[in-house]
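Trainee: I'd like to go over a predicted model; first the sequence, then the structure.
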Amino acid sequence: MAKRVVIALGGNAILRPNQEATFDNQMHNIKMSAELIAKIEKLDYEIVVTHGNGPQVGNILRQNEEAKAVVPQMPLDVCSAESQGFIGYMMEQSLKNALHEEELTSGVLTLLTQTEVSPDDPAFDNPTKPIGVFYSEAEAEVLTEEKGWVMMEDAGRGYRRVVPSPQPQKIHGVESILKLLKQNTIVIAGGGGGIPVVRNKIGQISGIEAVIDKDRTGKKLAEQLDADVFMMLTDVSNVYINYGKPNQEKLEEISVLKAKQYMDEGQFADGSMGPKMEAAIGFAMQGKKAIICSLDQAAEALSGFAGTRIVNS
């Protein structure tokens, strides 16, 4: 019986640092990523792919801002949906072509995914996630007054809007994903952490302006799908302790207990490897395997020969 893996693609799989965010650049990167995912398909896994959308949704917000005099601005949840759509289009097309080249018969489908969060999540009282363009202090004051936006100074570069980053409670569409996996279909879902929605007292859902961490969504998706492996692909081959120091050490296979110890020591930065290790530990605690590795070593890591593997032993 085929094992099931949820693959969370890092931002470099779509847009590399300092690259211009043209369609051609992003399509080229995604094609390379798709070729590597096709190698995993050869290992007889059921595959679900999720991805980030930070630069892409940021550019959509900027387009909204630049064109606001002629085109009505859209809320953040709609911008997130837009980014899911166009990234999913590029990824689905590239995967279909890569599978065809490998003479593999798997189908590929993109699922526009809503992620339910709690309206009582503490994050809504403390927005911390910067999004969109930079504003002057005077512009920031006007936006706070007119739109109720929370604005925060960002490293001396100006003011940016900050939004909540709540915890994912439920990924919608999992039942459909399970059916598609049984029909030999690779599913692209939960892009950018999913479109955030909340449920009211009578059970109706509606969008809310927030950003959900993509690795937390990936972990939740892997849990709901009862995946065997949750794999986070990034731009480094392994997780390290004492990173950048003379005693830097590469982590290969480690226990949940050891990983927790390193977390408690503050070995992993909040803005980079910290959220990934948090998600990996949470998933591995359930008796499953979590992997953090580079995109080009994904197939080798699944076979136990590369990356950092966190196991509950």
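Mentor: Nice, thanks for sending it over.
Trainee: Report the secondary structure state of M231.
Mentor: strand (DSSP: H, G, I helix; E, B strand; the rest coil).
Trainee: What count of nearby residues applies to the closest residue to it other than its chain neighbours?
Mentor: Leaving aside its chain neighbours, M231 sits nearest to I291 (4.4 Å; criterion: CB to CB, 6 or more residues apart in numbering). Backbone N, C-alpha and C define where each C-beta goes, glycine included. By other CB atoms under 10 Å, 26 other residues sit near I291.
Trainee: where's V6, which helix or strand?
Mentor: In the assignment (DSSP states H and E), V6 maps to strand 3-9.
Trainee: Let's test this: mean pLDDT of the very next helix or strand once past that strand, rounded?
Mentor: Heading C-terminal from strand 3-9, the first helix or strand you meet, by DSSP H and E, is helix 23-41. Averaged across helix 23-41, pLDDT comes to 95.
Trainee: try stretch 223-235
Mentor: 95.
Trainee: How about residues contacting it?
Mentor: With CB atoms under 8 Å, 6 or more residues apart in numbering as the test, stretch 223-235 has contacts from 3-10, 12-13, 45, 48, 170-171, 174, 177-178, 181, 215, 218-219, 221-222, 276, 279-280, 283, 286, 288-295, 298, 301-302.
Trainee: If we use 6 Å, what do you get?
Mentor: 3-10, 12, 171, 174, 215, 222, 276, 283, 289-292, 295, 298 (CB atoms under 6 Å, 6 or more residues apart in numbering).
Trainee: Give me the buried entries from the residues you listed.
Mentor: 4-10, 12, 171, 174, 215, 222, 276, 283, 289-292, 295, 298 (16 or more other CB atoms under 10 Å).
Trainee: SS state for the most far-flung residue of the chain relative to its centre?
Mentor: Distance from the C-alpha centroid of the chain, by CA atoms, centre = their mean, peaks at A138 (33.5 Å). Put simply, A138 is helix when judged by three-state DSSP.
Trainee: heads up, I number from 525, so please use that
Mentor: Understood, numbering begins at 525; the last thing we discussed is A662.
Trainee: For it, give its distance to N724.
Mentor: Going from A662 to N724 by CB to CB, to the nearest Å gives 37 Å.
Trainee: go on, E776?
Mentor: Taking CB to CB, one finds E776 at 47 Å from N724.
Trainee: what do you get for A746?
Mentor: Shown here: A746 relative to N724, a distance of 28 Å by CB to CB.
Trainee: same deal with D750?
Mentor: 29 Å.
Trainee: so who does the residue nearest to M755 touch?
Mentor: I815 neighbours (CB under 6 Å, 6+ apart): 755, 825, 831, 833.
Trainee: which stretch of helix or strand covers it?
Mentor: Short version, using DSSP H and E: I815 is in strand 813-818.
Trainee: next structured bit after that strand?
Mentor: Using DSSP H and E, the helix or strand that directly follows strand 813-818 along the chain is helix 822-826.
Trainee: SS state for L702?
Mentor: Per three-state DSSP, L702 ends up helix.
Trainee: Report the spatially nearest residue to it, omitting neighbours in sequence.
Mentor: Closest residue in space to L702, ignoring its immediate chain neighbours: L749 at 6.7 Å, by CB to CB, 6+ apart.
Trainee: Now the one you found: phi and psi?
Mentor: phi -90, psi 0 (degrees, to the nearest 10).
Trainee: Quick one, grab the pLDDT at G795.
Mentor: 69.
Trainee: quick one: the most centrally placed residue in the chain from I712, how far?
Mentor: With distances taken as CA atoms, centre = their mean, K738 lies nearest the centre of the chain, 2.8 Å away. Distance from K738 to I712, counting by CB to CB: 13 Å.
Trainee: Find the least confident helix or strand in this structure, judged by mean pLDDT.
Mentor: For the chain, using mean pLDDT, DSSP states H and E, the weakest element among its helices and strands is strand 653-659, scoring a mean of 82.
Trainee: how about it: buried residues?
Mentor: The neighbour-count check on strand 653-659 (16+ other CB under 10 Å) flags 653-657, 659 as buried.
Trainee: Throw those into a markdown table and include distance to E626, thanks.
Mentor: Below are the buried residues of strand 653-659 laid out as a markdown table (distance: CB to CB, whole Å):
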| residue | distance to E626 |
| --- | --- |
| K653 | 38 |
| P654 | 40 |
| I655 | 38 |
| G656 | 40 |
| V657 | 41 |
| Y659 | 48 |
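Trainee: List just the nearest of the residues you listed to F792.
Mentor: F792 lies nearest to K653 out of the buried residues of strand 653-659, by CB to CB, at 18.8 Å.
Trainee: list the contacts for that closest one?
Mentor: By CB under 6 Å, 6+ apart, the contact set of K653 is 686-687, 689, 735.
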